[in-house]
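Undergrad: Predicted model, plus sequence, below.
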Amino acid sequence: MSPLVATAIAHPNIALIKYWGNRDHELRIPENGSISFNLDGLYTKTSVRFDPSIEKDTLCINDQIMDGPDLRRVSQFLRYVNEISGKHYFANVISENNFPIAAGIASSAAAFAALSLAATKAAGLNLSEKDLSRIARRGSGSACRSIPEGFVEWRPGRDDEDSFAISIAPPNYWDLVDVIAVVKGKHKSIGSTAGHTFARTSPIQKARVADAPRRLALGREAILQKDFSALAEIVEIDSNLMHAVMMTSNPGLLYWEPATITVMKAVTLWRQSGIPVCYTLDAGPNVHVIVLSSHVTAIKTRILELPGIENILVAPVGGAAKFID
Ligand code: DP6
């Protein structure tokens with residue numbers, strides 16, 4: 001009999017080539033592939049205890065008992081793990097983030113990657129990285145990219161079997177850093193899960209998806225060649241394309257705040273002046289400023305001089321999700 005309890009940690013990740021829109025919403029089969037790197041220093045730690053004597057799941061995040069949609073999403077995921085393991089128990093899930101959820105950093109990727117490892121291990125399963133990535137994808141699409149180490153590509157596939165992420169380079173391959181400019185203002189009202197369902201209503205989404213293999217090839221090649229200027233060009237185009245789809249979908253999603261645009265414009269000027277720096281944005285107003293490690297201190301100082309900045313987080317390229325004792 002397995003101990004029915006396990007703990008794991010996983011990092012969030014930042015997509016350089018974005019996932020937006022699903023071919024299958026329930027299975028989270030994306031319309032296009034994506035490339036990201038894990039964010040070292042930021043993590044979610046999750047413990048799962050399956051308990052044959054309890055009659056419902058419980059979820060505690062950062063010492064707060066959760067109910068409603070968060071618990072329902074975790075419960076749905078745990079039933080899927082039950083299905084695979086054949087053990088039909090409810091569970092106590094305790095999770096903590098070392099980064100502020102209110103900072104608007106996508107926490108579902110780290111959360112479902114850590115939960116996938118902890119829940120499958122607690123259920124007595126010993127799965128391959130591929131299968132862990134497939135399972136994490138069912139909880140949150142981007143979570144499949146937080147399972148492997150370093151720079152990661154999610155091959156979209158066509159079904160549950162062949163849609164998973166693999167590492168394309170280890171964390172120390174290239175010393176990129178994500179300097180996250182947390183901007184002041186109203187934070188996101190519509191989350192990614194709802195946003196993905198609107199993507200197809202934008203007339204631009206078809207063109208964005210059709211062009212994705214080209215952007216993926218350019219992004220992958222720029223990483224493998226450590227070619228910052230090639231990477232910067234495609235990363236900004238890809239982020240702008242995703243936000244163009246968001247803005248032109250129905251309902252339209254405009255995640256930017258005035259300070260978001262201030263940072264984007266400043267980054268463009270800094271790059272024109274010779275600094276290896278570019279921006280990318282997720283489904284929120286914060287700007288992920290990607291820079292070579294030798295320029296982090298200078299970029300941090302410059303960002304803090306801009307109006308409307310609340311906070312800065314710094315994350316180099318991180319490792320794989322892993323079990324802890
Ligand atoms: C804009 O993975 O958060 O961050 O599958 O519904 O959990 P769900 O969506 P999620 O979507 C991420 C969208 C993004 C781009 C990206 O990370 O590729």
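TA: Cool, the structure landed.
Undergrad: next structured bit after the top helix by length along the chain?
TA: What stands out as the longest helix in the chain, according to DSSP state H, is helix 228-247. The C-terminal neighbour of helix 228-247 among helices and strands, as given by DSSP states H and E, is helix 258-272.
Undergrad: Now look at that next one and say if it contacts the ligand.
TA: No: for helix 258-272, no contact with the ligand is found by C-beta under 6 Å from any ligand atom; the gap never falls below 13.9 Å. Using the backbone N, CA and C atoms, a C-beta is placed for each residue, glycine as well.
Undergrad: elements contacting that helix?
TA: Using 3 or more C-beta pairs under 8 Å, 6 or more residues apart in numbering; DSSP states H and E as the contact criterion, the secondary-structure elements in contact with helix 258-272 are strand 176-183, strand 277-280, strand 287-292, helix 296-305.
Undergrad: Tell me which of the ones you listed sits nearest to the ligand.
TA: Ranking the helices and strands packed on helix 258-272 by distance to the ligand, with C-beta to the nearest ligand atom as the measure, places strand 277-280 first at 9.1 Å.
Undergrad: Can you pull the residues of the stretch 51-200 of the chain lying near the ligand?
TA: Proximity of the stretch 51-200 of the chain to the ligand is assessed by C-beta under 6 Å from any ligand atom, with 106, 108-109, 140-142, 192-193, 196 identified as the residues in range.
Undergrad: Just send those residues back as JSON lines, with neighbour count too.
TA: JSON lines is the format used below for those (neighbours: other C-beta atoms under 10 Å):
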{"residue": "106", "neighbour count": "23"}
{"residue": "108", "neighbour count": "21"}
{"residue": "109", "neighbour count": "31"}
{"residue": "140", "neighbour count": "25"}
{"residue": "141", "neighbour count": "29"}
{"residue": "142", "neighbour count": "29"}
{"residue": "192", "neighbour count": "19"}
{"residue": "193", "neighbour count": "16"}
{"residue": "196", "neighbour count": "19"}
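Undergrad: Out of these, which comes closest to residue 68?
TA: residue 193 (14.2 Å; C-beta to C-beta).
Undergrad: Identify the residues contacting that closest one.
TA: Taking C-beta atoms under 8 Å, 6 or more residues apart in numbering, we find residue 193 in contact with residue 140.
Undergrad: Please tell me how far the strand or helix carrying it is from the chain's geometric centre.
TA: Using DSSP H and E, residue 193 maps to helix 192-198. Between the centre of helix 192-198 and the centre of its host chain there is 14 Å, according to C-alpha atoms, centre = their mean, to the nearest Å.
Undergrad: tell me what the helix or strand following that helix is packed against?
TA: Under the assignment DSSP H and E, the closest C-terminal helix or strand after helix 192-198 is helix 205-210. Taking 3+ C-beta pairs under 8 Å, 6+ apart as the contact definition, the neighbouring helices and strands of helix 205-210 are helix 228-247.
Undergrad: Could you tell me the angle between the helix it packs on and helix 258-272?
TA: 160 degrees (axes from the mean of the first three to the mean of the last three C-alpha atoms, to 10 degrees).
Undergrad: now for helix 228-247, which elements pack on it?
TA: So helix 228-247, by 3+ C-beta pairs under 8 Å, 6+ apart, packs with strand 13-17, helix 205-210, helix 212-225, strand 277-280, strand 287-292.
Undergrad: Quickly find the element holding residue 310.
TA: Counting by DSSP H and E, residue 310 is found in strand 309-316.
Undergrad: What mean pLDDT does that strand get?
TA: Predicted confidence along strand 309-316 averages 95 (mean pLDDT).
Undergrad: Quick check: neighbours of whichever helix or strand comes after that strand in the sheet, parallel or antiparallel?
TA: Helices and strands here follow DSSP H and E; after strand 309-316, the next one along the chain is strand 322-324. Looking at strand 322-324 with DSSP bridges, its partner strands are strand 5-10 (antiparallel).
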